[in-house]
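Peer 1: Requesting a structural model of the entry that follows:
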Amino acid sequence: MGLFSFFNRKNGNIRDSKGTTISTSEHLPEPTEEVFGGKDNPLNMKSTDKNNSPSKENGINLLYQYLEKNYEMKGYDDALINPDNTHLEQNIAALRNDLERTIRKVKTFYEDFIRETNFHISSRSRSGMIDTVEELKVKKETAENHIKQVIEIEQEANNNKGAGEGIIISYTRGFRNGLAAISHHSIMNRNF
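Peer 2: Below is the predicted model:
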């Protein structure tokens, strides 16, 4: 359709740029959500959506996601690529560094959150918003409990114990299984 095609309408018909008459009485398909970006369009998301809150991405859940990963397959694959003990030690050091970085990220998130919450508590207290202040205090207590858990995990990791050590055990087991697979494949299957 041309720019001025709506001027060429006669009895529900439109003329296209070639002069052909097109009937507008035909049923055009209804626009669907896919046409306008669908349900997953970020513009359609509400800021109150609990699943996309910053605390889910930066808080203690981020740390637990890291700790709950199984590194056995990664160790196995790394052993097949480079079956050297120095490679094992370097990868263990890298896993420890990743854990430390994740812990710092989570601690920084909670420290910033607590600082911001303290500001809101004092500001809303001056305004006499008692219920809001109580809600903010509950949020602050939750954040403080989470940061205590993070500190415990950090201390355990520094002492090579706890949840952080599970990553190392899983990776080492996988690496050793990879070494065993290499030996089995290259030596044990030979016929004399």
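
Peer 1: List every C-alpha atom in whichever strand or helix holds Y64, with coordinates, as CSV.
Peer 2: Per DSSP states H and E: Y64 is located in helix 60-68. Extracted C-alpha coordinates of helix 60-68, given in CSV (Å, rounded to 0.1, in the frame of the first residue of the first chain):
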residue,chain,number,x,y,z
ILE,A,60,23.0,-15.7,48.4
ASN,A,61,21.2,-17.7,45.6
LEU,A,62,24.1,-16.8,43.3
LEU,A,63,26.6,-18.3,45.7
TYR,A,64,24.5,-21.4,46.2
GLN,A,65,24.2,-21.9,42.4
TYR,A,66,27.9,-21.8,42.2
LEU,A,67,28.3,-24.3,45.1
GLU,A,68,25.7,-26.7,43.8
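
Peer 1: elements contacting that helix?
Peer 2: Counting contacts by 3 or more CB pairs under 8 Å, 6 or more residues apart in numbering; DSSP states H and E, helix 60-68 packs against helix 85-126, helix 130-158, helix 162-183. C-beta: built from backbone N, CA, C; applies to glycine.

Peer 1: Summarise which helices and strands the next helix or strand after that helix is packed against.
Peer 2: Next along the chain after helix 60-68, taking DSSP H and E as the criterion, comes helix 72-81. Counting contacts by 3+ CB pairs under 8 Å, 6+ apart, helix 72-81 packs against helix 85-126, helix 162-183.
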